[in-house]
Structure formats: C-alpha cells, structure tokens
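K.L.:
The amino acid sequence is not available; the structure is as follows:
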C-alpha cells in the first residue's frame, strides 16, 4: 500500500491481511486503527480503548460489539458507542473495499459524538 490519498481514502490493507477472525491493525495517519469484520461487513475503529488504552482488536466479539481485553468495555463497531459505559465512545472511520484492497477515509474520518 502506498498510503497516498484518493478522494480522502487511503489503502491500508488487503482482504488477505485479515486474520482468521476478520481483523487487522493498520495505521491511518498518526493513529492505529482496528479493522473488524462483523455481520458480513468491514468496520474501522480506534484501536485503543479510551479507558486504559487496551488493544480493541484483541478483544472478544459478540456480533457488532467488540470488548476491550483489559476491562471488558464494549464498543459497537458500527457507531463507536459503548452500551456498557454510556457516554464513552471510540472514533470510527469510514471504510470501503475496492476489489481486495481495504481503504479507510483519512481526513473524512467520523469523530466520536
């Protein structure tokens, strides 16, 4: 991946780079981002849990909920919201797949609301 932007999207990985759970960790600018497959779609979210910085990509998953491996805070990969800790969120990023190339929006990222 050359990391150059194409209409705000940058190539970050290929589908073959996802592990057996459908996950990978990539760099988008200065931020580490977790790629997570849930319900047949690919999502991109902030890798570090806002609580203690736990690596979200290493946590358990139940449908669209991804759990931090340190203290089990849950985050919805679609929205970034935490149903277990109201008011807590992680940043989510727009992701698209072109052929087998995974692209994430660099400056078009969605801020946690």
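P.N.:
All right, it came through fine. Small disclaimer: the values here were computed from a predicted structure and weren't measured.

K.L.:
tell me the average confidence for stretch 37-51?
P.N.:
Averaging pLDDT along stretch 37-51 gives 96.

K.L.:
Stretch 94-103 now?
P.N.:
In the prediction, stretch 94-103 has an average pLDDT of 96.

K.L.:
what's the span of it, first residue to last?
P.N.:
End-to-end distance of stretch 94-103 (CA to CA, to the nearest Å): 9 Å.

K.L.:
cool, stretch 33-43 as well?
P.N.:
End-to-end distance of stretch 33-43: 10 Å, with CA to CA as the criterion.

K.L.:
how about the nearest residue to residue 83, chain neighbours excluded?
P.N.:
Nearest residue to residue 83, sequence neighbours excluded (CB to CB, 6 or more residues apart in numbering): residue 74, at 5.8 Å. For glycine as for every other residue, the C-beta is placed from the backbone atoms N, C-alpha and C.

K.L.:
Angles on the backbone of the one you found, please.
P.N.:
With angles defined as degrees, to the nearest 10, residue 74 sits at phi -100, psi 150.

K.L.:
Ok, residue 35 next?
P.N.:
The phi/psi pair for residue 35 (degrees, to the nearest 10) is phi -100, psi 130.

K.L.:
Begin at 39, not 1, for the rest of this chat.
P.N.:
Sure thing, new numbering starts at 39, so read that last one as residue 73.

K.L.:
Can you tell me how far it is from residue 114?
P.N.:
According to CB to CB, to the nearest Å, residue 73 stands 16 Å off from residue 114.

K.L.:
thinking again about what came up before, for burial, what's the neighbour tally of the residue nearest to residue 121?
P.N.:
If you count neighbours by other CB atoms under 10 Å, residue 112 ends up with 19.

K.L.:
quick revisit: residue 73 and residue 114: who's more crowded?
P.N.:
Each of residue 73 and residue 114 has its neighbours counted (other CB under 10 Å); residue 73 has more, 26 against 19.
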